[in-house]
Structure formats: C-alpha cells, structure tokens
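[1] This is a predicted model, with the sequence first.
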Amino acid sequence: MIGFIIHRFVQSVGILMLTSVLVFCGVFAIGDPIQILVPADASPAEMAQAVHSLGLDQPMWRQYMLFIEHALHGDLGRSFVFNQPSIQLIMERLPATLELAVVALVLALMVGLPLGLLAGMKANSPVDRVIMSGSILGFSLPNFWQGIMLVLIFSVTLGWLPSAGRGHLGTLLGIHTSLATRDGLIHLILPALNLSLFKMSLVTRLTRAGVRETLPLDYVKFARAKGLRERRIIFVHVLKNIMIPIVTVVGMEFGSLIAFATVTETIFAWPGVGKLIIDSIMRLDRPVVVAYLLIVVAMFTLLNLLVDIIYSLLDPRVRLGGA
C-alpha cells in the first residue's frame, strides 16, 4: 500500500509539471490583459509601467521559471484584477463549490441508487421503462437549459424557491455553511438539483446494470436457497458487490462536479470557484486561471488515489501495489 502511494505521488508530480507547462503556455499566449486592466486613455509610459509591474515584459520561458520558483513556495501567482494571491481567492470561494458538489452528489446517490435497484429488480416492466426514460432525459438535456427551466418554474412561475445567491450562512460542526440555516438550505435546493441531474441518471443506470448482472449469479441463488429474505439478499449481497464500479465512477464524477460547476454557478449566481474562473477568463486574469487548473488537476489525482484505496477495501481480492 505504501509503495503504491509513493508511486502515485511521483506520478502526480510529473502530471502536475506537464500540466503546468501546457496550461501556462496556453493561457499566457492568448490575449493581452493590459488592454483590459489599463484605461484606454493611459499614456504609453503608464502602460509600460503596468507591463513591467505584472512581469509581462519578460520572455515566456522566464515567466514560467519564475512561476515554478514561486509555486514551490506555495505561491501560485497574484491576481491581476484583485491584487491578491490567486490561491487565496480560490480558497475563499472553494467551500461554496464543495458544499454545492457534496449536496449534489448526495442527491444523486439518494435518488439514483433506489431507482436503479427498483429498475434492476423489475427489468422490462413499466416501472423500469419509466425510470430508464427519465434517466435518458437526465443525460440528454443541456445543463444550462435545465437550470433556466428550474428558475422559470420554481422561482418565476411558482415563487417557491430563490433563484440566486447562497442565502444566510450558519455554523455546523465548526464549518461556515448554508446547511446550517433554513434560508441557506432553500437557496441550495435549485443549484444542487440542477448539478445532480446528470449524475443521478448515471448512478441509476450503473445500479440497474449491476443488479441485472448480479441477480443471476450462483451466490445469489444460493442465498435464496438458504431461505434468506429478499431484502437481505438485495441490500447485503447484491448492493455490496455492485458498489465497486459505482464507487469508482462516482469518485471521479465528484471531481467533475467541482471542476465543471461553472454553468450552474453562473446561472444561479452561486459564489463559488466556477463563477470566479468565468470572471477571470473574461478579464484575462491569467494567474487565477492557471492556479485553478492546477488545483483541479491535483484534486483529480487525489480523488483517483482515494478511489483506488476504497476499491481495495470493498474488494479484498484487489491488492494495491501488488504484482
């Protein structure tokens, strides 16, 4: 196990270095932030001073070497727009995005697992057809369109739920979160639901496929022959085995919830990292974009490692770092 973790750590460092080169060159070669940051009536001397203060007068390879030197000391650059450390800006908004992603994932599992079990146990029945048709809609409908429809129905037409913002925050287990207040929970419902619909469909179809593959197996037939109740067979024997591929997929999908929540956060004005990165791209705030992408890559690498470890715990036949 330790050897496997060390091996993955070395791989992660190499991936981060390669990503930093690609991201740095790609982001820093596009556009000119000076045209946005400096007023149009600025003199050539003022523009030259701004270029020098941001380090944009250096060749790209020199800028990259300075970036790596600072990154080794935990400094991923300073925002051109906010004049604050990029990592600080991201970490200030990351809790809101994590909160949204966690709630969306919980919703996907709470709805997707029971629906998938029901569809798998009643294959080819009207119930199965209805559930599978709903999952196809979850896959097919664009995320931004779903968000607009949710706002139109539940906020504009019915007036039941707010359409923007995070609401009042409270403290729960020492964490400042929307989950601690009624107003925060109400503001969380629509964006979390919009973000979870695709994952809900994914979990439903994965669970159904796993149930259909597992039910005909010999150990399930043997459990029934022993006289075990159907509920115990499904929730102990079947569900435990089908959770292995589900954990693998859902673990990586959690990373995508965080990384690609930008559309949902923009529609619902959720003050998370996604909205920050969209604003940074529009303003050519290069350090924030680079820092965000590197953090996302590091997060995906860590999640992949955690998924492998959980996989080995669920299935004792898997030995990490083995031959």
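    Nice, thanks for sending it over. The model shown is predicted, which means the values in this text are computed figures rather than measured ones. Residues are numbered from 1 along each chain as shown.
[2] C-alpha only now, for contacts and for neighbours.
    Fine.
[3] tell me the average confidence for stretch 233-249?
    Stretch 233-249 shows a mean pLDDT of 78.
[4] quick one: buried residues of it?
    For stretch 233-249, the neighbour count (16 or more other Cα atoms under 10 Å) marks 233-234, 237-239, 241-244, 246-249 as buried.
[5] quick one: contacts of that stretch?
    By Cα atoms under 8 Å, 6 or more residues apart in numbering, the surrounding residues in contact with stretch 233-249 are 203, 206-207, 210-211, 214-215, 220, 223-224, 307-308, 310-311, 314-315.
[6] Convert it to PDB, retaining C-alpha atoms only.
    Extracted C-alpha coordinates of stretch 233-249, given in PDB (Å, rounded to 0.1, in the frame of the first residue of the first chain):
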ATOM      1  CA  ILE A 233     -30.100 -10.500  -0.400                       C
ATOM      2  CA  ILE A 234     -30.500  -7.200  -2.200                       C
ATOM      3  CA  PHE A 235     -29.000  -4.800   0.400                       C
ATOM      4  CA  VAL A 236     -26.200  -7.100   1.700                       C
ATOM      5  CA  HIS A 237     -25.200  -9.500  -1.100                       C
ATOM      6  CA  VAL A 238     -26.200  -7.600  -4.300                       C
ATOM      7  CA  LEU A 239     -25.700  -4.000  -3.300                       C
ATOM      8  CA  LYS A 240     -22.200  -4.600  -1.700                       C
ATOM      9  CA  ASN A 241     -20.900  -6.100  -4.900                       C
ATOM     10  CA  ILE A 242     -22.400  -3.600  -7.300                       C
ATOM     11  CA  MET A 243     -21.000  -0.700  -5.200                       C
ATOM     12  CA  ILE A 244     -17.400  -1.400  -6.500                       C
ATOM     13  CA  PRO A 245     -17.900   0.100 -10.000                       C
ATOM     14  CA  ILE A 246     -20.300   2.700  -8.700                       C
ATOM     15  CA  VAL A 247     -17.700   4.000  -6.200                       C
ATOM     16  CA  THR A 248     -15.100   4.100  -8.900                       C
ATOM     17  CA  VAL A 249     -17.200   6.100 -11.300                       C
END
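[7] What residues sit buried inside the helix or strand in which L16 is found?
    Applying DSSP states H and E as the criterion places L16 in helix 2-28. Neighbour-count burial for helix 2-28, counted by 16+ other Cα under 10 Å, picks out 8, 12, 16, 19-20, 23-25, 27-28.
[8] now that helix: how far from the chain's centre is it?
    19 Å (Cα atoms, centre = their mean, to the nearest Å).
[9] about what we covered before: now the buried residues of helix 2-28 as a markdown table including distance to A298?
    Output for these, formatted as a markdown table (distance: Cα to Cα, whole Å):
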| residue | distance to A298 |
| --- | --- |
| R8 | 12 |
| S12 | 7 |
| L16 | 7 |
| T19 | 10 |
| S20 | 11 |
| V23 | 14 |
| F24 | 16 |
| C25 | 19 |
| V27 | 18 |
| F28 | 21 |
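[10] Quick check on the contacts of stretch 233-249: which are buried?
    Applying 16+ other Cα under 10 Å to those flags 203, 206-207, 210-211, 214-215, 220, 307-308, 311 as buried.
[11] quick one: which of the residues you listed sit in helices?
    Using DSSP state H, the subset of these located in helices is 203, 206-207, 210-211, 214, 220, 307-308, 311.
[12] What about E92, how many residues nearby?
    12 (other Cα atoms under 10 Å).
[13] just checking, what packs against whichever helix or strand it is part of?
    Following DSSP H and E, one finds E92 within helix 86-121. Where contact means 3 or more Cα pairs under 8 Å, 6 or more residues apart in numbering; DSSP states H and E, helix 86-121 is packed against helix 126-140, helix 182-214, helix 239-259, helix 273-282, helix 286-314.
[14] got the angle between that helix and helix 126-140?
    160 degrees (axes from the mean of the first three to the mean of the last three Cα atoms, to 10 degrees).
[15] so helix 86-121 versus helix 182-214, what angle?
    50 degrees.
[16] gap between helix 86-121 and the chain center?
    The answer for helix 86-121 is 8 Å, by Cα atoms, centre = their mean.
[17] Next, the buried residues of it.
    Quick answer for helix 86-121 (16+ other Cα under 10 Å): 86-87, 89-90, 93-105, 107-109, 111-113, 115-121.
[18] what's the model's confidence in that helix, averaged?
    If you average the pLDDT over helix 86-121, you get 87.
[19] what does stretch 271-285 give?
    80.
[20] Stretch 7-25 too?
    77.
[21] Using PDB, list the CA coordinates for that stretch.
    C-alpha atoms of stretch 7-25 as PDB (Å, rounded to 0.1, in the frame of the first residue of the first chain):
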ATOM      1  CA  HIS A   7       4.500   5.600  -6.800                       C
ATOM      2  CA  ARG A   8       1.300   7.500  -7.400                       C
ATOM      3  CA  PHE A   9       2.700  10.600  -5.700                       C
ATOM      4  CA  VAL A  10       5.700  10.600  -8.100                       C
ATOM      5  CA  GLN A  11       3.300  10.200 -11.000                       C
ATOM      6  CA  SER A  12       1.200  13.100  -9.700                       C
ATOM      7  CA  VAL A  13       4.200  15.400  -9.500                       C
ATOM      8  CA  GLY A  14       5.100  14.600 -13.100                       C
ATOM      9  CA  ILE A  15       1.500  15.100 -14.200                       C
ATOM     10  CA  LEU A  16       1.400  18.500 -12.400                       C
ATOM     11  CA  MET A  17       4.600  19.600 -14.100                       C
ATOM     12  CA  LEU A  18       3.400  18.700 -17.500                       C
ATOM     13  CA  THR A  19       0.000  20.300 -16.900                       C
ATOM     14  CA  SER A  20       1.700  23.500 -15.600                       C
ATOM     15  CA  VAL A  21       3.700  23.800 -18.900                       C
ATOM     16  CA  LEU A  22       0.600  23.200 -21.100                       C
ATOM     17  CA  VAL A  23      -1.700  25.500 -19.100                       C
ATOM     18  CA  PHE A  24       0.900  28.200 -18.600                       C
ATOM     19  CA  CYS A  25       1.800  28.400 -22.300                       C
END
